[in-house]
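1. below: sequence and its predicted model.
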Amino acid sequence: MTETVVAPEVPSEVLSEVRGQVGFITLNRPRALNALSLGMVRDLMGILLQWQTDARVLAVAIRGSNKEGPFGAFCAGGDIRFLHAAGSQGNPQLEDFFTEEYALNHLIHNYAKPYIAFMDGIVMGGGMGISQGAALRVVTERTKMAMPETAIGLFPDVGGGYFLSRCPGRVGEWLALTGDTIGAGDAIAAQLADGCMPSGEQAAVWDALGAQQFADGAAIKNFVVSKFVAASALQISAGGQFDQYFSLPTVGEIVAALEAADSDWARSTAATLRKRSPLMLNVVLEQIRRARDMGLADDLRMERDMVRHCFYLRPGQSETVEGIRALAVDKDHAPQWKPARIEDVTPEMVAPFFVSPWPAHAHPLAALS
């Protein structure tokens, strides 16, 4: 007699349901801190497109999960191990991932119904991409927010040029170049969050959204806003120091001024920048400054050009492949950046990142408006 072996059912990485008048999404890849795979991007896009025309759904709420259950971690970004493997092996799904992820980011920014992001725990990289376009961005005392891409030889993508360039003063340049992590109060001060909710109250609010009757989407949004509490900004309240340094014309001048300053903050910030990819720091400064004068669709098209170049512009010398190798694959934390010094980066090295490899009509994001 042969025994039938039943393969264990793999839980879905994106859970969705409609309760009451709200569509609920839970990112369900807790062991990877809900890092986005191509499958998750496709699931999210399909769900949101379906709900956009579903008259039952007045608003959408999205959260992450951790190993203990819902909330606790929102989304740590894109699946960088996949990006490393795909970028090293020439897997065409690398191209699909970025095209479809950026289209998803654009949909969220332009969503026809209130989209409410519960940004508890880690909110980084791609997690910012699926939350910054929300009608309501909710943080908690556990929120750890960052765009840390320069640490892996990448740039703050997923619309990062658009939303970071719109932070007050030069806070966007600081966050983009250093990849520093901020908490709830600083996120609100940087205009990257709308309000703070105690982490322990999220579950009750989430359940109430599905149980109560609301007049319209705006009433759902207002109900969540009514639960906000005060949160104090720790770093950004010190304000002027960001503008003093990060308004300087070049990365070299920013680092030189920080190194010449007489403060612990300036010295540690300079030390952080010295660890990042010198080439990508220069690319990122140019990105943020260009994006200030761009709409979202044009910024996403520019970032799609840039990310193509991050993997293919310099065959065998991708700063991104090397950065991910050092941080997440070999974990030696000793990336071999080329060039190795900020002082050795020339404008001629930076300029090709901003030349589109496609004619406008054939751009993979041509349809975004």
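-> Received, thanks.
2. alpha carbons only for contacts and neighbour counts from here, please
-> OK.
3. any chance you could map the helices in the stretch 251-369 of the chain?
-> All helices of the stretch 251-369 of the chain, identified by DSSP state H, counting those that start in this stretch, fall at 251-260, 264-275, 278-291, 296-312, 319-324, 347-350.
4. which strands and helices sit next to the third one?
-> Spelled out, that is helix 278-291. Applying 3 or more C-alpha pairs under 8 Å, 6 or more residues apart in numbering; DSSP states H and E, one finds that helix 278-291 makes contact with helix 160-165, helix 171-178, helix 251-260, helix 347-350.
5. quick one: low-confidence residue ranges for the stretch 101-250 of the chain.
-> Counting by pLDDT under 70, the ranges of the stretch 101-250 of the chain that qualify are 237-239.
6. quick one: the helices in it, in order.
-> In the stretch 101-250 of the chain, the helices defined using DSSP H, counting those that start in this stretch lie at 126-129, 160-165, 171-178, 184-189, 202-211, 217-225, 240-246.
7. export these to JSON lines and tack on distance to Thr26 and mean neighbour count?
-> JSON lines is the format used below for these (distance: least, C-alpha to C-alpha, whole Å; neighbours: other C-alpha atoms under 10 Å):
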{"stretch": "helix 126-129", "distance to Thr26": "13", "mean neighbour count": "27"}
{"stretch": "helix 160-165", "distance to Thr26": "23", "mean neighbour count": "26"}
{"stretch": "helix 171-178", "distance to Thr26": "27", "mean neighbour count": "24"}
{"stretch": "helix 184-189", "distance to Thr26": "21", "mean neighbour count": "24"}
{"stretch": "helix 202-211", "distance to Thr26": "11", "mean neighbour count": "15"}
{"stretch": "helix 217-225", "distance to Thr26": "17", "mean neighbour count": "17"}
{"stretch": "helix 240-246", "distance to Thr26": "36", "mean neighbour count": "17"}
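8. and Glu322, which of those helices is closest to it?
-> Nearest of those to Glu322, taken as C-alpha to C-alpha: helix 171-178 at 18.0 Å.
9. quick one, that closest one and helix 278-291 angle?
-> Between the direction of helix 171-178 and that of helix 278-291, the angle (axes from the mean of the first three to the mean of the last three C-alpha atoms, to 10 degrees) works out to 160 degrees.
10. what residues does helix 171-178 touch?
-> Applying C-alpha atoms under 8 Å, 6 or more residues apart in numbering, the set of residues contacting helix 171-178 from outside is 146-150, 155-156, 164-166, 180-181, 190, 236, 242-243, 246, 269, 272-273, 276, 281, 284-285, 288.
11. with stretch 298-310 instead?
-> Outside stretch 298-310, the residues within contact range by C-alpha under 8 Å, 6+ apart are 95, 98-99, 102, 106, 154, 157-159, 161-162, 291, 318-320, 353-357, 363, 365-366.
12. CA atoms only: put that stretch into PDB for me.
-> Extracted as PDB, the C-alpha positions of stretch 298-310 are listed here (Å, rounded to 0.1, in the frame of the first residue of the first chain):
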ATOM      1  CA  ASP A 298       8.300  61.400 -14.300                       C
ATOM      2  CA  ASP A 299      10.300  60.700 -11.100                       C
ATOM      3  CA  LEU A 300       9.400  57.000 -11.300                       C
ATOM      4  CA  ARG A 301      10.400  56.900 -14.900                       C
ATOM      5  CA  MET A 302      13.700  58.500 -14.000                       C
ATOM      6  CA  GLU A 303      14.200  55.900 -11.200                       C
ATOM      7  CA  ARG A 304      13.300  53.100 -13.500                       C
ATOM      8  CA  ASP A 305      16.100  54.300 -15.800                       C
ATOM      9  CA  MET A 306      18.500  54.600 -12.900                       C
ATOM     10  CA  VAL A 307      17.800  51.100 -11.500                       C
ATOM     11  CA  ARG A 308      18.400  49.600 -14.900                       C
ATOM     12  CA  HIS A 309      21.800  51.300 -14.900                       C
ATOM     13  CA  CYS A 310      22.600  50.200 -11.400                       C
END
